[in-house]
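Engineer: A predicted structure for the sequence below; I have some questions about it.
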Amino acid sequence: MENIIELNKDGSLIVPDTPVIPYIPGDGTGHDIWNATRLVLDKAVKTAYKGDKKILFKEIPAGEDSFKKTGEWLPKKTLEQIQKYKVAIKGPLTTPVGHGMRSLNVAIRQELDLFACIRPAKYIQGVPSPCSEPENIDMIIFRENTEDIYLGIEWEAGTKEAKEVLHFINKKTSKNLDETTTGIGIKPISEQYTKRLISKAIQYAIDNDRKNVTIMHKGNIMKYTEGAFLKWGYEVGEDEFKDSIITEQKLWKEFDGKIPEGRIVLKERIADNMFQQVLLRPSEYDVIAAPNLNGDYISDLLAAMVGGLGLAPGANIGDNCAVFEATHGTAPKYAGLDKVNPGSLILSGAMMLDHLGWDKASKTVRQALQKTILNKTVTYDLARQIEGSTKLKCSEFAKEICSLME
Ligand code: NAP
C-alpha cells in the first residue's frame, strides 16, 4: 500500500513520496487542458523536489469516453477508485441530456459526500480585470455542496406531486396558491450539514492566517433555511472556535473595532449586499461561507473579477476524499483545437499540491504561471484582451510555464 494516501484520525493526510492520484481527463476540451496540466504538475514536482517525489497519475473513466466504451457515464468503480486513493483531479464533463442524471459533476460531489466546494479568487498580475483595484482581491469561497437547491427537489406545475404539496400548503397557511399552474421547488438546509461546512471554512481561516470569515445568507427573507444557516454558523463559532474568533458585533461593541491579537472576525452579510461588498470593498473580505445557490453565484462573480473562468480553480472536499477540478465546462466548440486556457485546471492542480502538503511544488506552479502571464504569452481568451500579447496554443502555454520554472 506504499503508493496510497492514508488518513490520520484527525482527517489529515499521510502522503507517500510517490502517491497514486486518479484523473478524469474530461470531455470536449478536457483532453487538451488535462495534457497541459499534467505536463506542468509533473515538471513542478520534479523541479521542487529534484526527483524525490513524483505523482503516479492513473486514468479513471467518466463522461462521454466512458459512455462510449462501457455504456456508463459514471462507473461505480470510478467512485471507488477516488475513495481508495483519496485525492483525484478532473477536467470538465458533459452533462448527459435526457439521461435522468442532472449532472455528472453534481453526482460525483454527492456520491462521495464532497460537502465543501472551495473556490479561491486571487488576482494574478497582468490579467485584465473589470475591477478598479483587482490587486486587492484575495478571497476564498466555501460553498455548501450537498443540500439547498443541489438536492433538486422539484415538481412541475400540474403534476400529482405538485398538486399534493400545494394543497398541503394552502391547507396549513393563509396562502392561496393555484394548485394547477404552480411549480414547486424545495430548498432544505440542515443544522449538521451547515455546521460541518462553516466549521471547515473557519478552520481553513485559522490554518492559513486569514483575517475574517463572512457568512453569506438571505436570512431576512428565508428565515428557517438561510436564516438558520447564519444562526448555526454563529453556533459553530461559539462552540468550536471560541478562542480563535470574535464576532463583528462584539468587535465593535467591546473593542472599538480593534481586532484582538490572534482572532479571526466572524461576519455576516445579506446575499444581495455581499455582491456589492466584494466589488467595492474587496480588501475587507477573506473567507466566505455560503449555502449552495448563493455560493454558486458569488463564485462566478469572483472568477470574473480576477480574469474569468479560464483561470478559476476549484476543489470539492469531504472528510474522506477530495476532487480538484476545472471550474468551467467542456467548451465543446473548441474541442481538439489545442486552443483553450488550461489555467483553471493547472491552478486546481496547484490547490491539489497544497492539499498534499507539497507547498514547494504549488509555489513553483503559481510563480511560473505568473511569469508567463506577465510576459504576455497567453492563450486566445487573454490574448484578445492584452495588447501586444503573443497568442499561444493550450499546449504551448503549458510548455512556456514549464520553461519558466526554477
Ligand atoms: P463552458 O464549457 O464553460 O463554455 C462557455 C464559454 O466559456 C466558452 O465558449 C468560452 O468562451 C469560455 N471558456 C470555457 N472554458 C474555457 C477555457 N478553458 N479557456 C478559455 N475560455 C473558456 O460552458 P457551456 O458551453 O455552457 O457548457 C458546455 C458543457 O459543459 C455542458 O455540457 C455543461 O453541462 C458542461 N459543464 C461542465 C462543468 C464541469 O464539468 N465542472 C461546468 C460547467 C458546464 P468564449 O467562446 O467566449 O471564448
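Structural biologist: Perfect, I can see it now.

Engineer: Please spell out which residues along the particular helix or strand that has Tyr297 in it are buried.
Structural biologist: Per DSSP states H and E: Tyr297 is located in helix 292-305. Using 16 or more other Cβ atoms under 10 Å as the test for burial, helix 292-305 gives Asn292, Leu293, Asn294, Gly295, Asp296, Ile298, Ser299, Asp300, Leu302, Ala303, Met305. C-beta here means a position set from N, CA and C on the backbone, and glycine is covered the same way.

Engineer: Spatially, what comes nearest to whichever residue of the stretch 101-250 of the chain sits closest to the ligand if we skip its sequence neighbours?
Structural biologist: Residue of the stretch 101-250 of the chain nearest the ligand, by Cβ to the nearest ligand atom: Asn105 (4.4 Å). Excluding its sequence neighbours, the residue lying closest to Asn105 (Cβ to Cβ, 6 or more residues apart in numbering) is Leu93, at 6.0 Å.

Engineer: what does Ala303 give?
Structural biologist: Ala303 sits nearest to Ala312 (Cβ to Cβ, 6+ apart), 3.6 Å away.

Engineer: Next: Ser389.
Structural biologist: Leaving out its chain neighbours, the residue that sits closest to Ser389 by Cβ to Cβ, 6+ apart is Lys376, at 4.0 Å.

Engineer: What is the neighbour count of that neighbour?
Structural biologist: When neighbours are defined as other Cβ atoms under 10 Å, Lys376 has 15 of them.

Engineer: what sits against it?
Structural biologist: Counting by Cβ atoms under 8 Å, 6 or more residues apart in numbering, Lys376 touches Gly126, Ile386, Gly388, Ser389, Thr390.

Engineer: Could you dump those residues into TSV with neighbour count, pLDDT and secondary structure added?
Structural biologist: TSV is the format used below for these (neighbours: other Cβ atoms under 10 Å; pLDDT from 0 to 100; DSSP: H, G, I helix; E, B strand; the rest coil):
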residue	neighbour count	pLDDT	secondary structure
Gly126	17	93	coil
Ile386	16	92	coil
Gly388	6	95	coil
Ser389	18	96	coil
Thr390	12	97	strand
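
Engineer: Turn those into a markdown table, columns for distance to the ligand.
Structural biologist: A markdown table is the format used below for these (distance: Cβ to the nearest ligand atom, whole Å):
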| residue | distance to the ligand |
| --- | --- |
| Gly126 | 16 |
| Ile386 | 14 |
| Gly388 | 20 |
| Ser389 | 14 |
| Thr390 | 16 |
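
Engineer: out of the residues you listed, who's nearest Arg119?
Structural biologist: The shortest approach to Arg119 among the contacts of Lys376 belongs to Gly126, at 21.1 Å (Cβ to Cβ).

Engineer: measure that closest one to Thr377 for me?
Structural biologist: Shown here: Gly126 relative to Thr377, a distance of 10 Å by Cβ to Cβ, to the nearest Å.

Engineer: which residues does Cys321 contact?
Structural biologist: So Cys321 contacts Ile82, Gln83, Tyr85, Lys86, Val87, Ala88, Leu112, Leu114 (Cβ under 8 Å, 6+ apart).

Engineer: on that earlier part again, helix, strand, or coil at the residue nearest to Asn105?
Structural biologist: Three-state assignment for Leu93 (DSSP: H, G, I helix; E, B strand; the rest coil): coil.

Engineer: What residues does the stretch 51-200 of the chain have near the ligand?
Structural biologist: Pro92, Leu93, Thr94, Thr95, Asn105 (Cβ under 6 Å from any ligand atom).

Engineer: The third one touches Ala62, doesn't it?
Structural biologist: By that I understand Thr94. No - between Thr94 and Ala62 there is no contact, the gap being 10.1 Å when judged by Cβ atoms under 8 Å.

Engineer: shared neighbours of these two, which are they?
Structural biologist: Contacts common to Thr94 and Ala62, judged by Cβ under 8 Å, 6+ apart, are Leu104.

Engineer: all strands for the stretch 301-406 of the chain, in order.
Structural biologist: Along the stretch 301-406 of the chain, counting by DSSP state E, counting those that start in this stretch, strands occupy 313-317, 322-326, 377-378, 390-391.
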